[in-house]
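# Turn this into a structure:
(chains A, B, C and D)
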Protein chains: 4
Amino acid sequence: MRFVALLLAGLVMAGTPVQAQPKSAGAPDPKLVEDLVVANHVLAELGVVDGFGHVSVRHDKDPNRYLMSRSMAPALVKTDDVLEYDLDGVAVDAKGQALFLERFIHGEIYKARPDVKAVVHSHSPGIIPFSVSKTRLQPIYHMSSFLGLDVPVFEIRDVAGPGSNLLVSSAPIGAALAKVLAGNTVVLMRGHGSVTVGTSIPQVVFRAYYAEMNARLQAEAIKLGTVTYLTKEEAAAAAKTNDALVARPWELWKRKAMKAE
Amino acid sequence: MRFVALLLAGLVMAGTPVQAQPKSAGAPDPKLVEDLVVANHVLAELGVVDGFGHVSVRHDKDPNRYLMSRSMAPALVKTDDVLEYDLDGVAVDAKGQALFLERFIHGEIYKARPDVKAVVHSHSPGIIPFSVSKTRLQPIYHMSSFLGLDVPVFEIRDVAGPGSNLLVSSAPIGAALAKVLAGNTVVLMRGHGSVTVGTSIPQVVFRAYYAEMNARLQAEAIKLGTVTYLTKEEAAAAAKTNDALVARPWELWKRKAMKAE
Amino acid sequence: MRFVALLLAGLVMAGTPVQAQPKSAGAPDPKLVEDLVVANHVLAELGVVDGFGHVSVRHDKDPNRYLMSRSMAPALVKTDDVLEYDLDGVAVDAKGQALFLERFIHGEIYKARPDVKAVVHSHSPGIIPFSVSKTRLQPIYHMSSFLGLDVPVFEIRDVAGPGSNLLVSSAPIGAALAKVLAGNTVVLMRGHGSVTVGTSIPQVVFRAYYAEMNARLQAEAIKLGTVTYLTKEEAAAAAKTNDALVARPWELWKRKAMKAE
Amino acid sequence: MRFVALLLAGLVMAGTPVQAQPKSAGAPDPKLVEDLVVANHVLAELGVVDGFGHVSVRHDKDPNRYLMSRSMAPALVKTDDVLEYDLDGVAVDAKGQALFLERFIHGEIYKARPDVKAVVHSHSPGIIPFSVSKTRLQPIYHMSSFLGLDVPVFEIRDVAGPGSNLLVSSAPIGAALAKVLAGNTVVLMRGHGSVTVGTSIPQVVFRAYYAEMNARLQAEAIKLGTVTYLTKEEAAAAAKTNDALVARPWELWKRKAMKAE
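Prediction:
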């Protein structure tokens, strides 16, 4: 079975020598680091993340590096907490600090999806019920049109067996998750949360927030009876329009998050 | 089919020469502009609008002009952001700034409804489920009696076809929306949001807020079993009484929104 | 029919000469007025009232007088806004200001219930669905044990006919409401809200808040399946215990409401 | 019947002479007292407790003593309000102040569960519906994996009869509650609330918060259809991982609660 193979792969990896420390791709654009710090605070203010969850951005100097904070609550992240990682989840300089157990989510998606520049992982509350249900998350309004026709669900039992701790705590599990994400913008994780991807920090924050809103609103709509979802064509057209508008809420969220400090 | 005709109309319009810049109707009453700015902040504080949504008021000097901010998050609007538009959605002086794609909602309603002095467009969350459901929004308490017997739903597919971006981004779609609104105070937009109209800024804010409240409360009531809605006569009588009381919450909301700055 | 009789009574009243201004019962205990002002702010902070709703207390010098603010949003009430009323709803000195249209709720309950010292009227959101449903509000936990076995619903159509504005805007309608309240602590008003009574300001605020909480929690519990409600004996025993504890949340709420100023 | 025996036991206790004042185990670690004060504020900020509810910690100098505030709203607790109790709920020095009626919850659990170092009792809102329903609380995501397979419900009628005030107001009722808790981390109390236990203050706060979150999310998930819960093995594995991460949200919550002062 597939998960046995992955477990074996994990054991083999555990037995291999420590990887050499990756070299830095150089200092990233300070604006990118600043936006990453802001995104951490915005996601916390919006209730997408709480003490847990993380957001990363691909390095602007090297597509094989990404930036993300050390293991800590997003609302407390400052510039100094941002570290550089290679796509295998090894920090260029961890400064002796703990790293997120699930950093493999980010690296494996950056490997599989060259178009992706930013990734959010969260346990946002509206999403959880859809992660454990046969009811698919589908876009009910234009704000969440980036969801496309519907959203896939990653069942970790398929790759890590029936008794895992549910975390994407290794490269093979991260790769399996990236495979279920495929070309979508969001993938749900059964009994866990979701991952959202985008081409910029403002866009991925926009998507993580409106995916959560869609979940809450869809759940309410279902209780009222049959729901008219966006067609595939409507979703594509509206997503294209919205992509040009992400700066508008981003400015607002940034202002509010910085003011709340 | 009707939407084909509208598409053609849109193409024809696209081919016409740029309209001459409309002349200003003169400086509006500063109190009106101040109330419009306040309304932007109040609607954001009340959760009726987020980074998106807009509110306008008809110009007090000329019924063929209206005032609305440039394209931006309502919570950030200041006096300088307010622009004057003609009823075709052309700004008297855009100052080189982006305009709301859906400004046609406002102009077309002002054309069709001479009694209307203020318009709110929002994606307020409680409303969305009713916009995609066969269940009609109906007033369940006196605060939302302005809803009348029930609320119509605008299906954009009827006029813009099955693959639109869902936005009221042209005069013909705006006119179609105004036609579905007819003589009502609120019209839902399938998979999108709603438009609320009123005879003053405080009244339209009151209505936008309590339409949202009604949606949330009606959804809860439906889950408890059969619902007793207001009769047409009760709705009319209560709406008349409430119209005389809109200054009360307006004072409160204004105070809170200004304090939150 | 009964409501015809009430309409006639109203007409007769409208034709009677203006009542003589009632004499003041003298200055109330300043502590009572202070608590009334605090209660207005606490109820707003707790979300029991919004721009609408009111709270009154019986005058400590004369059981035929009560204290309540002029017509305004509760969150804005200050000491100077508190007026003295007789039990027919006539203000001792209105100072030329507007009075609550529904002040008859208070006077008629003080007439019918000598044990009642404080009254809250609100449109708190959790209660509304129960007011329009056949599902009765019943206590699901000890905090709302004061609800007794269940809560009566006042149908204004029975006394004011099928086309009223739903307001308790006259003494006869107030008396009819008091009759449905009977010996209970809470009465719901169909399509409108509720009235809560108590023997002190802290107690009536406690009850108004936990009646609202019970409504929200009961609605959720019903969705999970059959609900085990408190027995009549449990409700009585728990209500007695809680009555001795109302000072605890009152101190907290008072502190928070005053801090929010 | 069992509850008759308990009532008799209560009567006998009431007739026994006042217990000698227990001796102090000495000053506890100031860090422990500080964390206990912080936990009170954090639980209030998180909405787990309101004016009611309490948290205790076992004394670090003596397993037969625990620390908890006097009877007051958790959000107002300061260092001076923390008292030392023996496991029978007698305060070493009550300083003439009122004690929580339900302090027997804490002492009896500390007696029955030597592994438990901290206890939270609350009426957190999401939990209440599950306490009065046949639907069992079960972990739907890794954050609440400490719930194990599912959560037992304590029916006070079994031990205190059909007309109790629902409070765990005596040692025998506390012992009966501890028996239903057994080896679990949480026990629900029908028509009342819940008790959560842990091996440290940060862990018990984490558990009280995510038990509440699970309740809200599970209720939503059930409305969407059949739910996939964590397996026993997943729950055990995820709980072990999370136990090592409780410091992360604790730091965040502490910072926010202290800032809100």
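# Nearest residue to the middle of chain A?
Chain A has A:V120 as the residue nearest its centroid, 2.6 Å off, counting by C-alpha atoms, centre = their mean.
# before we move on, which element is it in?
strand A:118-122 (DSSP states H and E).
# and that strand, what's its mean pLDDT?
Average pLDDT, strand A:118-122: 99.
# Could you verify that A:E108 is part of a helix?
Yes: assessed with DSSP: H, G, I helix; E, B strand; the rest coil, A:E108 lies in a helix.
# is any part of the strand or helix carrying A:A208 close to chain C?
Per DSSP H and E, A:A208 falls inside helix A:201-224. No: using C-beta under 8 Å from any C-beta of the partner chain, helix A:201-224 stays clear of chain C, with a minimum separation of 8.9 Å. (Glycine included, C-beta is placed from N, CA and C.)
# re the thing from before, and the helix or strand just after the strand holding A:V120, what does it pack against?
Remark: after strand A:118-122, the chain's next helix or strand is helix A:127-131, criterion DSSP H and E. For helix A:127-131, the elements it packs on are strand A:186-189, strand A:193-198, helix A:201-224, helix D:201-224, judged by 3 or more C-beta pairs under 8 Å, 6 or more residues apart in numbering or on different chains; DSSP states H and E.
# where's the residue in chain A that chain D sits nearest to relative to D:P249, distance?
Closest contact between chain A and chain D, by C-beta to the nearest C-beta, is at A:G51 (2.7 Å). Going from A:G51 to D:P249 by C-beta to C-beta, to the nearest Å gives 3 Å.
# residues touching the residue of chain A closest to chain D, list them.
Contact analysis of A:G51 by C-beta atoms under 8 Å, 6 or more residues apart in numbering or on different chains lists A:A73, D:R248, D:P249, D:W250, D:L252, D:W253.
# repeat for A:E155
Residues counted as contacts of A:E155 (C-beta under 8 Å, 6+ apart) are A:R190.
# Could you tell me the per-residue confidence at it?
98.
# picking that back up, got the angle for the strand holding A:V120 vs helix A:201-224?
On the basis of axes from the mean of the first three to the mean of the last three C-alpha atoms, to 10 degrees, strand A:118-122 is oriented at 40 degrees to helix A:201-224.
# Residue numbers of chain A in contact with chain B?
Taking C-beta under 8 Å from any C-beta, the part of chain A that reaches chain B is made up of A:139-143, A:145, A:213, A:216-217, A:220-221, A:223-231, A:233-234, A:236-238, A:240-241, A:245, A:248-253, A:255-256.
# run the last query once more with 7 Å
Chain A has residues A:140-143, A:213, A:217, A:220-221, A:223-228, A:230-231, A:233-234, A:237-238, A:240-241, A:248-249, A:251-252, A:255 near chain B, with proximity defined as C-beta under 7 Å from any C-beta of the partner chain.
# Those in helices, which ones?
In helices, judged by DSSP state H, the following of those are found: A:213, A:217, A:220-221, A:223-224, A:233-234, A:237-238, A:240-241, A:248-249, A:251-252, A:255.
# ok, now which ones touch the closest residue to A:F52 other than its chain neighbours?
Closest residue in space to A:F52, ignoring its immediate chain neighbours: A:H123 at 6.0 Å, by C-beta to C-beta, 6 or more residues apart in numbering or on different chains. Counting by C-beta atoms under 7 Å, 6 or more residues apart in numbering or on different chains, A:H123 makes contact with A:F52, A:G53, A:H192, A:G193, D:Y141, D:M143.
# same question, A:Y141
With C-beta under 7 Å, 6+ apart, A:Y141 has these contacts: B:H123, B:I128, B:G191, B:H192.
# Thought A:H142 was touching the last one, still the case?
Yes: counting by C-beta atoms under 7 Å, B:H192 touches A:H142, with 5.6 Å between them.
# who in chain A is up against chain D?
Going by C-beta under 7 Å from any C-beta, the residues of chain A near chain D are A:50-51, A:72-73, A:75-76, A:123, A:125, A:128-130, A:132-135, A:162-167, A:190-192, A:219, A:222-223.
# Buried subset of the residues you listed, written for PyMOL?
Selection of buried members from those for PyMOL, criterion 16 or more other C-beta atoms under 10 Å in any protein chain shown:
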select buried, chain A and resi 50+51+72+73+75+76+123+125+128+129+130+132+133+135+164+165+166+167+190+191+192+219+222+223
